[in-house]
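A.B. asks: No letters, just coordinates:
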């Protein structure tokens, strides 16, 4: 199988996965009683009307009385044409609510991702170069610490120390601050720090263990014997081969954190981003918005996995396409 | 892990080994059966004959009640005892070797000690300590050795000096805003964490091993479809899907365990499959096949034991993820609020953080240490059980 065919097969597969996830979501939704119908029935009963009749009317209004496959096709069409409905709790279309929230999520996600990608491998290779020294032990300790401490707990503690006791940073996030300003940088420091500590550990560990292998490789000995400066030797001969296996874990790690932890971090720090939007939608029973945000996160996960696989094959041409 | 394995070749009792009747049970299986049957009977009795609110052990005058989850938990404990602890006792030579390798990693030994404390605390604790009671009079007691301004607690249990209330050994980790003892709540949380750990690993291992071997031995397009299915399972955003399920149906701790373990076995299945494929090429498998071993015997006797070390490592590293997910859900306030987990305690204390930080700090640190211990343990097990991996980790 050639590269072109592999890419198209992989893209097709991503589409199939997204379709399956959307289908599961639809089945979950259609198997459960609709909160809107229940609300209407309760309201009718409270006002002395006939609850069954009111429920029937809402079902008709929302097209819930149609056969399952018609609703399924409608659902699919709406999901893939980005017609995600109206969000009651924010009183705007779901897509608009998601885009607005994405603006705030991006403000901390981009610095966090960049820092992890740059710092993680650097520290990892550095600690491999000084293996079993106190620097290596310190880096390893930090990696395990960041990996193990629950992000939301760490966030609360830092907020307590620096926000409440020392009063260095504002406790309440101000969304109206301009993006590129000192104020914004200060209020985003803690969330970014918490997320970087959480994600950098795994990256460091992987790059440390992978680069240890190249440390004493023949080409390194040759480079040293030729008098190549250590910096150049490490940059060209250790860092580069390390990045290949690293790229497989990196995207997965970042995605897992993005999906799970960013939600918590946003709730802790009060950032009105995607995670908080999901949370509010859950609390306020806004079905369309819950669906919209979960689908958005799901698509990000599917596309992330796709990119990871493609990058991996581009970086390492030895991988045969048939094995996948 | 065959049980009656002699240490030396000339001591092998061949009559014993050739015993291959289908219904001959090893000591382990016999013990498992003997302990599971009373448990199952008790479960059926509890489910069929007792009212919703009647404690299970009323017939012998105990107030202790068992929930469905507790039955599963006890079952997994039996499983772990008969198939994990007992084999270690039966093979003292291998146990000594593992322990020698394991002991070299000092953080891992400490971790094992800590997990032992959590395990024993989680099982024995609720039997000794009474469930924490609401008592507003003793709200916000500080932990022992610390003090707070005496305006914070309603009444101070310890002594008051210079306008400060000092903590006592009655409440070693202080009390919450509802006057519940934090230490007792943490001990009760240990039970929940152990339940999550044991039940999820059992489900993950069962599904993963079955699915992986089935896939490897079916081959062809069945294998292809099964592995594609694993791909989907692996790329499924479990946390979000659980939020969705929670939103639509509402979910308790049992549902949490089921959903999270149903989406976590992908890695195990993949590993078992590749292990079975590579091992079926080995000479000793061919030899045992020629001697008439069935596919089941090959899987049970060779594939699973050979993959066991990696699976145990993998499972050890999965558990902290589950604990974290539970704590996150509890913190968001969408978890099972009837379950006294650590995350629930963190969520309770969050609003009182600025003047009573111990309510958040104590369970948070315990959670952190437990996750850390599982990670260290997984790392050490990788080295101890699988010497091949050591070369890579250099």
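C.D. replies: Alright, I've got the coordinates. For clarity, every value in this text was computed on a predicted model and none was experimentally measured. Residues are numbered from 1 along each chain as shown, chains lettered A, B, ... in the order given.

A.B. asks: Got phi/psi on the spatially closest residue to residue B:360 that is not a sequence neighbour?
C.D. replies: Counting by CB to CB, 6 or more residues apart in numbering or on different chains, the nearest residue to residue B:360 once its immediate chain neighbours are dropped is residue B:349, at 4.2 Å. To be clear about C-beta, it is placed using only N, CA and C from the backbone, and glycine gets the same treatment. Here is the backbone geometry of residue B:349 (degrees, to the nearest 10): phi -80, psi -10.

A.B. asks: and what of residue B:165?
C.D. replies: phi -100, psi 130.

A.B. asks: same deal with the one 4 residues further on?
C.D. replies: Recorded main-chain torsions at residue B:169 are phi -70, psi -10, according to degrees, to the nearest 10.

A.B. asks: wait, what's in contact with the residue in the stretch 201-350 of chain B that chain A sits nearest to?
C.D. replies: Relative to chain A, the nearest point of the stretch 201-350 of chain B is residue B:248 (4.2 Å; CB to the nearest CB). Residue B:248 is in contact with A:28-29, A:32, counting by CB atoms under 8 Å, 6 or more residues apart in numbering or on different chains.

A.B. asks: Mind checking the pLDDT average for stretch A:232-241?
C.D. replies: Taken as a whole, stretch A:232-241 carries a mean pLDDT of 82.

A.B. asks: Residue A:3 reaches residue A:313, doesn't it?
C.D. replies: Yes. Counting by CB atoms under 8 Å, residue A:3 touches residue A:313, with 7.3 Å between them.

A.B. asks: Which strand or helix spans residue A:104?
C.D. replies: helix A:94-129 (DSSP states H and E).

A.B. asks: Mind giving me the packing neighbours of the helix or strand following that helix?
C.D. replies: For helix A:94-129, the following helix or strand on the C-terminal side (DSSP H and E) is helix A:134-148. When contacts are defined as 3 or more CB pairs under 8 Å, 6 or more residues apart in numbering or on different chains; DSSP states H and E, helix A:134-148 sits against helix A:94-129, helix A:182-215, helix B:358-385.

A.B. asks: ok, residue A:3 and residue A:313, which is more surrounded?
C.D. replies: Each of residue A:3 and residue A:313 had its neighbours counted (other CB atoms under 10 Å in any protein chain shown), and the higher figure belongs to residue A:313 (17 against 12).

A.B. asks: That one sits in which helix or strand?
C.D. replies: helix A:287-315.

A.B. asks: Ok, residue B:148 next?
C.D. replies: Counting by DSSP H and E, residue B:148 is found in strand B:147-149.

A.B. asks: Sheet partners, orientation included, of that strand?
C.D. replies: strand B:164-166 (antiparallel) (DSSP bridges).

A.B. asks: Does the helix holding residue A:104 reach chain B?
C.D. replies: No. Using CB under 8 Å from any CB of the partner chain, helix A:94-129 never reaches chain B; the gap is at least 9.0 Å.

A.B. asks: and the angle from that helix to helix A:134-148?
C.D. replies: Helix A:94-129 runs at 150 degrees relative to helix A:134-148, counting by axes from the mean of the first three to the mean of the last three CA atoms, to 10 degrees.

A.B. asks: Quick check: which helices or strands does helix A:94-129 pack against?
C.D. replies: Taking 3+ CB pairs under 8 Å, 6+ apart as the contact cut, helix A:94-129 packs with strand A:86-87, helix A:134-148, helix A:182-215, helix A:240-269, helix A:274-283, helix A:287-315.

A.B. asks: in it, what's buried?
C.D. replies: A:94, A:97-98, A:100-101, A:104-105, A:107-109, A:111-113, A:115-117, A:120-121, A:123-129 (16 or more other CB atoms under 10 Å in any protein chain shown).

A.B. asks: likewise stretch B:26-46?
C.D. replies: Quick answer for stretch B:26-46 (16+ other CB under 10 Å): B:26, B:28, B:31-32, B:35-36, B:39, B:43, B:46.

A.B. asks: Is it possible to get CSV of those that adds secondary structure, distance to chain A and pLDDT?
C.D. replies: Below are the buried residues of stretch B:26-46 laid out as CSV (DSSP: H, G, I helix; E, B strand; the rest coil; distance: CB to the nearest CB, whole Å; pLDDT from 0 to 100):
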residue, secondary structure, distance to chain A, pLDDT
B:26, coil, 38, 75
B:28, helix, 34, 77
B:31, helix, 36, 80
B:32, helix, 34, 81
B:35, helix, 34, 82
B:36, helix, 34, 82
B:39, helix, 33, 81
B:43, helix, 28, 78
B:46, helix, 29, 75
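
A.B. asks: would you list those residues in a markdown table and tack on distance to residue A:215?
C.D. replies: Listed next are those as a markdown table, based on distance: CB to CB, whole Å:
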| residue | distance to residue A:215 |
| --- | --- |
| B:26 | 47 |
| B:28 | 45 |
| B:31 | 49 |
| B:32 | 48 |
| B:35 | 51 |
| B:36 | 52 |
| B:39 | 53 |
| B:43 | 56 |
| B:46 | 60 |
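
A.B. asks: Residue B:251 is in contact with residue B:338, correct?
C.D. replies: No. In this structure, residue B:338 is not within contact of residue B:251 by CB under 8 Å, at 11.9 Å.

A.B. asks: Which one's more surrounded, those two?
C.D. replies: Legend: neighbour count by other CB under 10 Å for residue B:338 and residue B:251, higher for residue B:251 (19 against 8).

A.B. asks: Quick check: closest non-adjacent residue to that one.
C.D. replies: residue B:245 (5.9 Å).

A.B. asks: which element is that neighbour on?
C.D. replies: helix B:238-249.

A.B. asks: Now the helix or strand just after that helix: buried residues?
C.D. replies: Sequence order places helix B:253-262 as the next helix or strand after helix B:238-249, per DSSP H and E. Residues B:253-254, B:256-257, B:259-261 are the ones in helix B:253-262 that count as buried (16+ other CB under 10 Å).
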